[in-house]
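Participant: Fold the stuff below for me.
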Amino acid sequence: MPSMDPASKAPVKTVVSPDALRLPAERPDDLNMYGDLRAFSDLDLDDIAVAAAAVCRTPIALVSILDGEQLWFSARVGTDQPSGALANSGCAPVIARGVPVVIPDMLADPETRKNGLVCGAPGLRFYAGYPLFTVEDEVFGTLCVVDHQTRPQGLSQAENSGLAALARQAMRLMEMRRETVAQERRLTAQQIRRERATRQARQAEAERRQTLEKYAIQQAAGAAGGVGIYEYDLTSGDIAVSPEVCRIIGLPVTDVITARQWVGQVHEDDKPQIPVLSQLLDGSAPLKLEYRVVRADDQRERWVLRQGVLDRDEAGRPVRLIGTIQDITPERNATSRLTTLLAVGDALRMATTRREALTKSGQLLGQRLEVQRVGFATVTVRDELFTIDQGWCAPGMPVLSGELSFKAFRRTSDLLRSGAVLILDDLSSPSWMREEREACRAMQVEAQIIVPKIDHGELTGCLFVHSALPREWTLDETSFIRAAADRIFAALDEWDAETRQEIVNHEILHRLKNTLSIVQSLAHQGFRSVDDQGPLTTFTSRLVALSAAHDLLMRRNWQSTDLASLVQGVLTPLGMENRVQVSGAFLKLGPDTATSFSMLLHELATNAMKYGALSVAEGTVSLHWTTTGTGEGAVMSLQWREAGGPQVTPPARTGFGVRLLKAGLGRHGKTELHYAPTGLCADLTAPILSLATA
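Facilitator: Prediction:
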């Protein structure tokens, strides 16, 4: 007998038009050797189309039968068209060549891109079809799937195998139909007395064919992609299931389960979203659901995707729900772990203290992994000590604190010092953990993962994850914990670096103040015999202003400060912070600019206190700055306005203070002084970019 196995013919990647989906609604009424083509519009072939769409993850699946130059869609999913022309269709090269055809992108092929359904709505892109052969090795149709998205990679090996298996089953079904049609035609010519026997034989054959078909579909779909197939009889409440369905929900393999058994495996929190029978009957029930089940055999929680289509009777009433169920736990876990890693990164970035960072990140890891304790320990190899830094514990779990000696955890410490990750599923299992069991169980630990922190070849810390019950750590969980540990270790290094930098900054500031004190002491000694102490007072106040600017910069790691803070730091030591009206937007100042600004503002304030508006009770000073422009062209304009003080006249000579004011911000800006009778006016302008970076 000629081969009928489509899988024996290698798939051909080509680009062929799926015009068979853009066909006239009328169908031919003539008969062929398979009888009236209307006979194939039944649930037998529909099940194959449903399974093909599910296995290949496409919205459209068709069983097409060739009738002259026409194709009759004996079974279809995702389209209502019953028939169409063979010419320019995606099935044409399958039928012409007798081999499977895969079309990754129909829009890229010169023949198919002219198709209205490819270049227009609904925008068909992907096609895959397997030929259906007669016993004479002639192609009489196809089993094909169509998608609206391109698939450069085509079908996976599992999808190819599943589609091939379904094509073989369709061919067997069609040959059974051919034999039945031939038998019916012979029996029609016989006497009426044999009609009853003929009907009984036909019914028995149909039942046998349906049983064989269902079994083949279940086996093919389950083996190809871990997909279980079910058929829910809405009248009886019985659900015919494939072996894969039983495996997914943890039931013994059987052909039929009840709706009560199915719902009984659904997680209690997810049961409200399971549709009731009335919703299925009125068509309001969702046909695609994701929910959790608790497996009956091992009580493990799994996520499943349940999809289906409603089969209706001649009156349009739903009678069956046919569909697939798939275990999607790995995909859900991967998404959840990625979300948790992002949350851990956010928690570490937003934390204001080391304690808060470890507590929050430990809580996120513990709750995601459903463990009882997560924490970090600092390791001092020289003293052979673990010092519990901080962590998180589930309710009822004792909190670890203090120091733990290497002696109680000799095997663990040796392993961590080598840089290896400790992964322990069950404390009772490995013999080498025998000497540490007592210490571990005192902490209520039966399973754990410990990730070492190695700096310059030496163990400096470790992240530990404790479970109060034995558990089998998966590869995904281990990888997840290591990825989280990397983020936590990096954050701790940053915290430690900032702490060390803060200590260095304080030491620098302390020494700078000592230097300024020495300069001030030398000045006092040098001016001791001078009667006029005014210059000494001025010099001392300028040192104070310089010291205040350094204080601000040091508190920000000598990187930058802002103008408002600098103004406050200059005016407060002079006691003038309430007499100067200050206003302006946030303006960043670099270290050099901050020092210049500090001296400039101090000179303006002390000058006003001696000779200007601040020398009398009714005098006022307004300090206001604005910004104009954007980007590199942005400019700051600062105005110092005195009013209510003594009448102002230009100075007769130019002293250091006047030269300092005129110098302003040096090469970065421009200063203008106006000695108005009402009070001194000073205008400073400078590019904002140079202020922030200088």
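
Participant: List the buried residues in stretch 564-579.
Facilitator: Buried residues in stretch 564-579, counted by 16 or more other C-beta atoms under 10 Å: 566-567, 569-571, 574, 576, 579. Placement of C-beta: from N, CA and C, glycine included.

Participant: Surely residue 101 and residue 95 touch.
Facilitator: No: using C-beta atoms under 8 Å, residue 101 makes no contact with residue 95, being 9.7 Å away.

Participant: okay, the two: which has more neighbours?
Facilitator: residue 101 (26 against 21; other C-beta atoms under 10 Å).

Participant: which regions of the stretch 401-550 of the chain sit below the pLDDT cut-off?
Facilitator: Along the stretch 401-550 of the chain, segments meeting pLDDT under 70 span 499-550.

Participant: how about the strands of it, start to end?
Facilitator: In order along the chain, the stretch 401-550 of the chain carries the following strands (DSSP state E, counting those that start in this stretch): 403-405, 422-424, 447-455, 458-467.

Participant: With respect to residue 144, which of the ones you listed lies nearest?
Facilitator: Counting by C-beta to C-beta, residue 144 lies closest to strand 422-424 out of those; the figure is 47.9 Å.

Participant: Describe which strands the longest strand along the chain pairs with in its sheet and in which direction.
Facilitator: Longest strand in the chain by number of residues (criterion: DSSP state E): strand 301-312. Sheet pairing for strand 301-312, assigned by DSSP bridges, gives strand 288-294 (antiparallel), strand 318-327 (antiparallel).

Participant: how about those in JSON lines, adding distance to residue 398 and mean pLDDT?
Facilitator: JSON lines is the format used below for the strands paired with strand 301-312 (distance: least, C-beta to C-beta, whole Å; pLDDT from 0 to 100):
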{"stretch": "strand 288-294", "distance to residue 398": "30", "mean pLDDT": "91"}
{"stretch": "strand 318-327", "distance to residue 398": "37", "mean pLDDT": "89"}
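
Participant: among these, which is the most enclosed?
Facilitator: Stretch with highest mean neighbour count among the strands paired with strand 301-312: strand 318-327 (a mean of 20; mean count of other C-beta atoms under 10 Å).

Participant: chain center to that strand: distance?
Facilitator: Taking C-alpha atoms, centre = their mean, to the nearest Å, one finds the center of strand 318-327 at 30 Å from the center of the full chain.

Participant: Show me what that strand is in contact with.
Facilitator: 43, 46-47, 50-51, 54, 221, 225-235, 244-245, 248-249, 280-281, 283, 287, 302-313 (C-beta atoms under 8 Å, 6 or more residues apart in numbering).

Participant: ok, then the element right after that strand?
Facilitator: helix 329-350 (DSSP states H and E).

Participant: Name the residues of whichever helix or strand comes after that next one that come out as buried.
Facilitator: Next along the chain after helix 329-350, taking DSSP H and E as the criterion, comes helix 354-369. Using 16+ other C-beta under 10 Å as the test for burial, helix 354-369 gives 354, 357-366, 368-369.

Participant: Tell me which residues are up against helix 354-369.
Facilitator: With C-beta under 8 Å, 6+ apart, helix 354-369 has contacts from 336-337, 340, 343-344, 347-348, 351, 371-376, 389-394, 465, 477, 480-481, 484, 487-488, 491-492, 495.

Participant: Could you do stretch 333-346 as well?
Facilitator: 361, 364-365, 368, 476, 480, 483-484, 487-488.

Participant: would you say residue 178 is within a strand?
Facilitator: No: Residue 178: not assigned to a strand; according to DSSP: H, G, I helix; E, B strand; the rest coil it is helix.

Participant: domain parsing for the protein?
Facilitator: With domains defined by automatic domain parsing, the chain comprises 6-212, 226-327, 351-485, 533-693.

Participant: show me where pLDDT drops low in the stretch 551-694 of the chain?
Facilitator: 551-560, 653-668, 694.

Participant: which residues does residue 394 contact?
Facilitator: 366, 371-373 are the contacts of residue 394 under C-beta under 8 Å, 6+ apart.

Participant: Make TSV out of those and add distance to residue 317.
Facilitator: Shown next, in TSV, are the contacts of residue 394 (distance: C-beta to C-beta, whole Å):
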residue	distance to residue 317
366	51
371	51
372	53
373	57
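
Participant: Just the buried residues from the residues you listed, in ChimeraX please.
Facilitator: Buried residues among these (16+ other C-beta under 10 Å), as a ChimeraX selection:
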select :366,371,372,373
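
Participant: Make JSON lines out of the contacts of residue 394 and add distance to residue 625 and secondary structure.
Facilitator: Shown next, in JSON lines, are these (distance: C-beta to C-beta, whole Å; DSSP: H, G, I helix; E, B strand; the rest coil):
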{"residue": "366", "distance to residue 625": "50", "secondary structure": "helix"}
{"residue": "371", "distance to residue 625": "55", "secondary structure": "coil"}
{"residue": "372", "distance to residue 625": "57", "secondary structure": "coil"}
{"residue": "373", "distance to residue 625": "54", "secondary structure": "strand"}
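
Participant: For residue 607, state which of the contacts of residue 394 is nearest.
Facilitator: residue 366 (62.8 Å).

Participant: Kindly provide the distance from the closest one to residue 119.
Facilitator: Residue 366 sits 54 Å away from residue 119 when distances are taken as C-beta to C-beta, to the nearest Å.

Participant: Could you pick out the buried ones from the contacts of helix 354-369?
Facilitator: By neighbour count, with 16+ other C-beta under 10 Å, the contacts of helix 354-369 hold 337, 340, 343-344, 347-348, 351, 371-376, 389-393, 465, 477, 480-481, 484, 487-488, 491-492, 495 as buried.

Participant: Turn the buried ones among the contacts of strand 318-327 into a named ChimeraX selection, would you?
Facilitator: Entered in ChimeraX, the line below selects the buried ones among the contacts of strand 318-327, by 16+ other C-beta under 10 Å:
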select :43,46,47,50,51,54,221,225,227,228,229,230,231,232,234,244,245,248,249,280,302,303,304,305,306,307,308,309,310,311
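
Participant: still on that earlier bit, with respect to residue 165, which of the contacts of stretch 333-346 is nearest?
Facilitator: Residue 165 has its nearest neighbour among the contacts of stretch 333-346 in residue 476, at 30.5 Å by C-beta to C-beta.

Participant: how many neighbours does the closest one have?
Facilitator: Neighbours around residue 476, by other C-beta under 10 Å: 12.

Participant: unless I'm mixing things up, it is touching residue 330, no?
Facilitator: Yes: at 7.4 Å, residue 476 counts as touching residue 330 under the criterion of C-beta under 8 Å.

Participant: So which of the strands paired with strand 301-312 is nearest residue 652?
Facilitator: Residue 652 lies closest to strand 288-294 among the strands paired with strand 301-312, at 87.8 Å (C-beta to C-beta).

Participant: what is the orientation angle of that closest one with helix 329-350?
Facilitator: Using axes from the mean of the first three to the mean of the last three C-alpha atoms, to 10 degrees, the inter-axis angle of strand 288-294 relative to helix 329-350 is 90 degrees.

Participant: Need the contact partners of strand 288-294.
Facilitator: Residues outside strand 288-294 that contact it (C-beta under 8 Å, 6+ apart): 248-250, 265-267, 269-270, 273-274, 300-308, 328, 332.

Participant: Pick the most deeply packed of the domains of the chain.
Facilitator: Burial of the domains of the chain is given as mean neighbour count (mean count of other C-beta under 10 Å); domain 6-212 ranks first at a mean of 18.
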